[in-house]
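J.: The following block contains a protein sequence and its predicted model.
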Amino acid sequence: MFHREIEMPKISEFERCTLVALVEKYKGTLECKKNNFRMIEKKNEGWRAVEQEFNDTVAGLSEHRSAAQLRKCWANIKAKAKKEVAVANRQKKSNRRRSTSSGAFGRGYENC
């Protein structure tokens, strides 16, 4: 038969803030771009440390979260932030175009 994971409740804002603080603490290891065997092991150790501290911090307030769940949540937080930055940059760019869009044809023809 199929093994199905138990559905966990959504992560709360407090849990999200706790995760962000812990990732910031271990950022040098967790966000390193190196991809060799030693670095992968260090990253796994880092995520296990984040898991331990996270579950100690939120003990009694929520369910136990595994390192894999926290890693996925962190990936989702980063993806959402990147998307928001991209949208803001697009809006900024389109606002600049609108403000300077009159160009050569717009000058002197406002009353037509």
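T.: Nice, thanks for sending it over.

J.: Just list the residues touching Val20, thanks.
T.: Ile77 (C-beta atoms under 8 Å, 6 or more residues apart in numbering). Yep, even glycine has a C-beta here, placed from its N, CA and C like the rest.

J.: where does it fall, phi/psi-wise?
T.: Backbone dihedrals for Val20, given as degrees, to the nearest 10, come out at phi -60, psi -40.

J.: Ok, Ala59 next?
T.: Dihedral angles (degrees, to the nearest 10) for Ala59: phi -60, psi 130.

J.: now do Lys10
T.: Residue torsions, per degrees, to the nearest 10, at Lys10 are phi -60, psi 150.

J.: Can you list the low-confidence ranges for this structure?
T.: Along the chain, the parts satisfying pLDDT under 70 run over 1-6, 98-112.

J.: Against Ile11, how distant is the residue nearest to the spatial centre of it?
T.: For the chain, Lys78 is the residue whose C-alpha lies nearest the centre (C-alpha atoms, centre = their mean; 1.7 Å). Lys78 sits at a distance of 14 Å from Ile11 (criterion: C-beta to C-beta, to the nearest Å).

J.: tell me the SS of the residue nearest to Ile11 when sequence neighbours are not counted?
T.: With sequence-adjacent residues excluded and distances taken as C-beta to C-beta, 6 or more residues apart in numbering, Ile11 is closest to Cys73, at 5.7 Å. Here Cys73 is recorded as helix under DSSP: H, G, I helix; E, B strand; the rest coil.

J.: Just give me the neighbour total for Cys73.
T.: Neighbours of Cys73 under the rule other C-beta atoms under 10 Å: 19.

J.: Hmm, it is touching Thr18, no?
T.: No. In this structure Cys73 lies outside contact range of Thr18 using C-beta atoms under 8 Å: 10.8 Å.

J.: roughly how far apart are Ser62 and Ile11?
T.: In this view, Ser62 and Ile11 are 8 Å apart by C-beta to C-beta.

J.: Please apply the same query to Trp74.
T.: With C-beta to C-beta as the criterion, Trp74 and Ile11 are 10 Å apart.
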